[in-house]
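In: Sequence first, predicted coordinates after that:
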Amino acid sequence: METILERLGTTISSTIPQAAVDQITKTKGVIQSATTLLGTIGVKIQAGIDAALANGATAAELAPVQQAVDDLATDTAALATAVAANP
């Protein structure tokens, strides 16, 4: 016996065009890729900050860049959380 949820799922599945489903899948992939890219950029900038500090730059001189890296990490984490919450 088919349940209401099974019928509803079948109805929804048959009314959503495949192109829309494909676009949703593609968008999720793009968002996940963006999250990875942002994380990678942050790591590379942090490595540059660390190298600059090792070569004599001061933390005060690099504070604006460090703040940008910290903000990027926060935003990337928020994006990753949103992606995880909406699989």
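Out: Received it, and whenever you're ready, just let me know what you need.
In: give me the low-pLDDT residue ranges for this protein?
Out: By pLDDT under 70, the low-scoring segments of the chain are 1-16, 20-21, 24, 87.
In: Can you tell me the centre-most residue of it?
Out: With distances taken as CA atoms, centre = their mean, residue 35 lies nearest the centre of the chain, 2.6 Å away.
In: wait, what's in contact with that one?
Out: By CB atoms under 8 Å, 6 or more residues apart in numbering, the contact list for residue 35 reads 76, 79-80, 83. C-beta coordinates here come from the backbone N, C-alpha and C atoms, glycine included.
In: Now which of those residues would you call buried?
Out: A residue is treated as buried here by neighbour count (16 or more other CB atoms under 10 Å); on that basis the buried members of those are 76, 79-80.
In: what distance separates the helix or strand containing the residue nearest to the centre of the chain from the centre of its chain?
Out: Mapping residue 35 onto the secondary structure by DSSP states H and E places it in helix 18-54. Centroid separation for helix 18-54 versus its chain: 6 Å, with CA atoms, centre = their mean, to the nearest Å.
In: quick thing: my sequence starts at 768, can you match it?
Out: Got it, first residue is 768 now, which makes that one helix 785-821.
In: For that helix, list every residue counted as buried.
Out: Of the residues in helix 785-821, those buried (16+ other CB under 10 Å) are 802, 805-806, 809, 812-813, 816.
In: So what touches stretch 817-828?
Out: Residues lying outside stretch 817-828 but in contact with it, judged by CB under 8 Å, 6+ apart, are 829, 833.
In: Can you give me the end-to-end span of that stretch?
Out: Its start and end residues considered, stretch 817-828 measures 12 Å (CA to CA, to the nearest Å).
In: Neighbours of residue 836, how many?
Out: 19 (other CB atoms under 10 Å).
In: which SSE is it in?
Out: Counting by DSSP H and E, the element that carries residue 836 is helix 826-852.
In: what's the spacing between residue 835 and residue 808?
Out: From residue 835 over to residue 808 the distance is 10 Å, taken as CB to CB, to the nearest Å.
In: just residue 847 next, same as before
Out: From residue 847 over to residue 808 the distance is 14 Å, taken as CB to CB.
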